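Enquirer: Attaching a predicted model along with its sequence, questions to come.
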Amino acid sequence: MKIASSAIAIALLAATTAALPAVAATSLFATEPAATAACASDEVVWVDLDHGRFYHKAQSNFAKGNNGGFACLKAAHAQYREAHE
């Protein structure tokens, strides 16, 4: 009986894991200096997770919002849309 319950638990875990959304592949940084250090020569952008967009430093929404972070441009461009103002 213990083997059957283990098999059921494993099946439930597999089904639950498949239904979960993928974790964001883009590394987000809490501060601009941390992102600058990690990005090397790549531009640092602000990713707004609520809208799925990223902003360049010259844009008015750069570093605004409570649900976002700084990221390297190449990584952000692969996962989010570029915001146009």
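Expert: Okay, I see it. Numbering: from 1, shown residues only.
Enquirer: what's the spacing between the helix or strand encompassing A78 and its chain's center?
Expert: Under the criterion of DSSP states H and E, A78 resides in helix 73-79. Centroid separation between helix 73-79 and its chain, computed with CA atoms, centre = their mean, to the nearest Å, is 10 Å.
Enquirer: quick one: contacts of that helix?
Expert: Helix 73-79 is touched from outside by A24, A25, T26, S27, C39, D42, E43, V44, V45, V47, F54, with contacts defined as CB atoms under 8 Å, 6 or more residues apart in numbering. Just so you know, the C-beta spots here come from the backbone N, C-alpha and C atoms, and that holds for glycine as well.
Enquirer: Just the ones of these in helices?
Expert: Judged by DSSP state H, the subset of the contacts of helix 73-79 located in helices is C39.
Enquirer: Now list the buried members of the contacts of helix 73-79.
Expert: T26, C39, V44, V45, V47, F54 (16 or more other CB atoms under 10 Å).
Enquirer: can you put those residues in TSV and add pLDDT and distance to N66?
Expert: Below are those laid out as TSV (pLDDT from 0 to 100; distance: CB to CB, whole Å):
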residue	pLDDT	distance to N66
T26	70	18
C39	94	22
V44	97	19
V45	97	17
V47	96	13
F54	97	16
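Enquirer: What is the nearest of those residues to C72?
Expert: C72 lies nearest to C39 out of the buried ones among the contacts of helix 73-79, by CB to CB, at 3.9 Å.
Enquirer: Surely that closest one and P33 touch.
Expert: No. In this structure, C39 is not within contact of P33 by CB atoms under 8 Å, at 10.8 Å.
Enquirer: follow-up on the earlier one: how about the helix holding A78: buried residues?
Expert: Buried, per 16+ other CB under 10 Å, within helix 73-79: A75, A76.
Enquirer: Name every strand pairing with the very next helix or strand once past that helix and say which way it goes.
Expert: Once the chain leaves helix 73-79, the next helix or strand it forms, by DSSP H and E, is strand 81-82. Using DSSP bridges, the strands paired with strand 81-82 are strand 53-55 (parallel).
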